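> sequence first, predicted model second:
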Amino acid sequence: MSPYKRKSILLPKSIEIKTKREKPRKKLFIYRIHPVYPTILAIAIVFFISAYLSQCSKLIRVQYNTHQLKIQKFEIQKENRKIALSIEKLEAPGRIEMIARKKLGMISPDKRIVISLTEPASTAELEEADNKVATVR
Amino acid sequence: MKSHQKVMKVRFFLLFIVLALCFFLLIGNLLRIQAFEYNRYRKLAINQQVGQIEINALRGAIYDRNGSCLAFSVARPSIAVNAKMVTNPERTATYLALALGWKKKDILATLESGAGFAWIARKIDERVANQIERLQLPGVYLINESSGKRFYPKARIACHILGYTGVDDQGLEGAEANYEEILAGKVGLMRSAMDQRGRIIPIGRQSEGAALLNMADYKEPVKFAVKLKFAKDPVSRYIKEHCSPETRQQLNEYSGYGMPPVELMQAVTDDLNKLIKGPCFFEEKRFADVWLSEIVRKLVIQDRKGEELQAINRLLIEETYPDEIVQAHDLYIPPVPGKNIYLTIDETVQYIVEKELDKQVKKFHAAGGTVIVMDPSNGDILALANSPSYMPTHGIDASRAVVRNKAVCDNYEPGSTFKIILAAAAFDCGKVSTTDRFFSGHSLEIGGYSLRNANDGLSSINGTETVEGVITYSFNTGSAAIGLRIGTPVLSSYCESLGFGKATGVDMPGEAEGILAPGKFWKPINLATISYGHGISVTPMQMVQAYGAIANEGVMMRPRIVRKMSDQDGKNTNVLTPKMSGKPLKAKTSHEVLKILKGVCENGTGKAALVKGYSVGGKTGTANMVVNGMYAADKYIASFVGVAPIEDPRYVMLIKVDEPKGVIWGGSVAAPLFNKIGSQILWRLGVQPKDDGKAADLTPPAPEKEEKEAE
């Protein structure tokens, strides 16, 4: 029975008991949201923001690393060129001649003999030559 | 109690209002900075952070024909200073002076100048640079210059061919200067965010379209729109012409006052981006009134494509409208390393030639000398030496007289070596045969002048000689007689066709053309004197080229010193084809003249040039030097031009010794050098000796006494 319509059933009409009524609560037409959902939403937003920031910082870190690697590569290439230069200096003819003369006691060659080699005769030619010799004998 | 609770509630409410206000103020300020005034702060940040660096390309190396390195660049650190950051100039100058070995006051002047950037020392030794770095002096920085410092690992070898470079790695002489564009490569540019010390912050990679304009790139949109509307300068006219008709209409409708409509600026931006994506629109006339920076001037002449070309076009627009358009903050045009070049020089042959030339010059106390060795079949210069020489590393400090490449720059009277040219012309034109005889007495009168043979004891006993006899014994009178027989038109025409009076086209800077008067100005006396090599000036290179035609069956090849080029990683090799200068002689003529050359060495004045085991030929020459237009009585040029081996010429060698003292004759000064050099380089070139069925003794000439003592 509604608290607003309290009718006196037992007592006569003339006697009405006035009681303090609580103001009726207005039913607000809202949905009750479970506190879990906003929490999950907040966590999701924080997660995505963190993921994005993490990707950004990763990208920057990769770029810094790439830059550092480029610098390292440049340094190694520079070192390689310095070594190549040293090799070329060591192979200078003037330096080699000086070492050959002063340290190893070498001198310019004083004799060069070239002997002309004739091609060896074939077997048939040798046999013919032998036959000729036999005939002559 | 109730009133206390009420008060608390009010206070909390007020606090909440204050905090909310603060929060909204912050949000509002953030919105103002990030959204409403984004452009202004972006421009401020770009102005402050964005720096531009010109990136020099690594210079290409120079190799000899066998791949031995003759010139090479290695990155070297340089010391720079930001004078504003130097806290104690006196102390800094003292330490730097000690480390560099310089005077303190020179460095102090730079430190006290207040400049934001100044070089202290360029491309210094690594150890010195490390010492300075360890000192950690404020305001002093080590910068690794990408272009590097030039080194010549073989010291003086081929110094006149290689030349040298300046401090900024630009070629100043020789092949370094002649092939500057190929060796230097293409300069690059990087524009990026940098920290306070100028180090690049690599957070902005070159994204696609970094060079394109967007609406946020206009510093002064009103000024820019007005400039485009009225198009008074050539660049604005060009841009307006290339805008779409709709954009031009909008520009015409724009009044020129107040902010231009967004649609107009968007349309202009789109059209400008089309221009940026197109070919390079730089033209000297169009940009005559625009102050373009040096780096942009270097970039516009490069042949770039794709995003690099877009970056260059963007730079052109920025420099044309510096007040109106914001600089792009993320541009990268990579440098293109220089190419390597491979010379025709053989390092070992060059070394032998230089060593022997220096010894000969010293022996005869001569002022200097020149030797050129050329392969006549393709014009390859195997060796080119001048004495005195210099260290290319210190080329800038060497005197101009020493640095000068006498082999191509200096004219001289060839003397008797020119008689071979006369013989070739005489046989080739058909007016003279091998059996014809010519007067070769001691003197000959022509046009009131008396011509005599050289005072060397040789003169024709019979009074006449064949062409072979005239050349073998080097009779001036005989030569004049031959010249008079063939006549001025023939001789002058053959002189021109054999390359005299014009540059050979060899790829070395500063080549002289010699002096050969046109035939129509020759008098009989000129014809006679030119016949034996006087009254004409030639360069050593011209003589070698002409003899090369004689050695190569009449085909004259253009001398060259570079045979191929390649990228620094060895790819994209470009082998250069030898070029023919002409075919001035018939093959038969060349054979006849080679026989004469052989006779000169076997029977005539060139006996000292004979190389054991090989058949060689050549012609000696001795001529007075011309000083200030007059013949110097006591100064001579001793020369010899030879070919070896005669049967199948592998090289032509010219030897010229300037102002020998004591002995002056070509046969005594220059010819022995042909022997000394030839005996070594024929062996080196792998040339087979004469095969006469016997063991050939190829014993080289005995070393000089000084060399023996040194050993």
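Received, thanks. Numbering: from 1, shown residues only, chains lettered A, B, ... in the order given.
> give me the number of residues near B:Tyr351?
23 (other CB atoms under 10 Å in any protein chain shown). Quick note: C-beta positions are derived from backbone N, CA and C, even for glycine.
> dump stretch B:526-537 to CSV, restricted to CA.
Provided in CSV are the C-alpha atoms of stretch B:526-537 (Å, rounded to 0.1, in the frame of the first residue of the first chain):
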residue,chain,number,x,y,z
ASN,B,526,112.5,30.7,-92.3
LEU,B,527,111.9,27.6,-94.4
ALA,B,528,115.6,26.7,-94.2
THR,B,529,115.9,27.3,-90.4
ILE,B,530,112.6,25.6,-89.5
SER,B,531,113.9,22.6,-91.5
TYR,B,532,116.5,22.0,-88.8
GLY,B,533,114.3,23.0,-85.8
HIS,B,534,115.1,26.7,-85.3
GLY,B,535,112.6,29.5,-85.8
ILE,B,536,109.8,27.3,-84.4
SER,B,537,108.8,26.8,-80.8
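> outside of that stretch, which residues touch it?
Outside stretch B:526-537, the residues that touch it by CB atoms under 8 Å, 6 or more residues apart in numbering or on different chains are B:411-419, B:422, B:444, B:446-447, B:449, B:451, B:476, B:479-480, B:482-484, B:487-488, B:491, B:495, B:500, B:514-517, B:522, B:621, B:623, B:626.
> list the contacts of B:Gly621.
B:Gly621 neighbours (CB under 8 Å, 6+ apart): B:414-418, B:533, B:637-641, B:666, B:670.
> next one: it, what pLDDT does it get?
pLDDT for B:Gly621: 93.
> where does it fall, secondary structure wise?
Element membership for B:Gly621 (DSSP states H and E) is strand B:617-627.
> could you point out which element follows that strand?
Next along from strand B:617-627, by DSSP H and E: strand B:630-644.
> weed out the non-buried ones from the contacts of stretch B:526-537.
Among the contacts of stretch B:526-537, those buried by neighbour count (16 or more other CB atoms under 10 Å in any protein chain shown) are B:411-419, B:422, B:444, B:446, B:451, B:476, B:479-480, B:482-484, B:488, B:491, B:495, B:500, B:514, B:516, B:522, B:621, B:623, B:626.
> give the helix, strand or coil label for the residue of the stretch 501-650 of chain B found nearest chain A.
Relative to chain A, the nearest point of the stretch 501-650 of chain B is B:Gly613 (6.7 Å; CB to the nearest CB). Following DSSP: H, G, I helix; E, B strand; the rest coil, B:Gly613 is assigned to coil.
> that one: neighbour count?
23.
> contacts only, for B:Leu264.
B:Ala225, B:Thr247, B:Gln250, B:Leu251, B:Tyr254.
> switch the cut-off to 7 Å
Going by CB atoms under 7 Å, 6 or more residues apart in numbering or on different chains, B:Leu264 touches B:Ala225, B:Gln250, B:Leu251, B:Tyr254.
> which pLDDT value goes with the closest residue to B:Asp217 other than its chain neighbours?
Leaving out its chain neighbours, the residue that sits closest to B:Asp217 by CB to CB, 6 or more residues apart in numbering or on different chains is B:Val326, at 4.6 Å. What the model reports for B:Val326 is a pLDDT of 84.
> I'd say B:Val326 and B:Lys219 touch.
Yes: the criterion here is CB atoms under 7 Å, and B:Val326 meets it with B:Lys219 at 5.5 Å.
> that's all I had, so thanks and see you.
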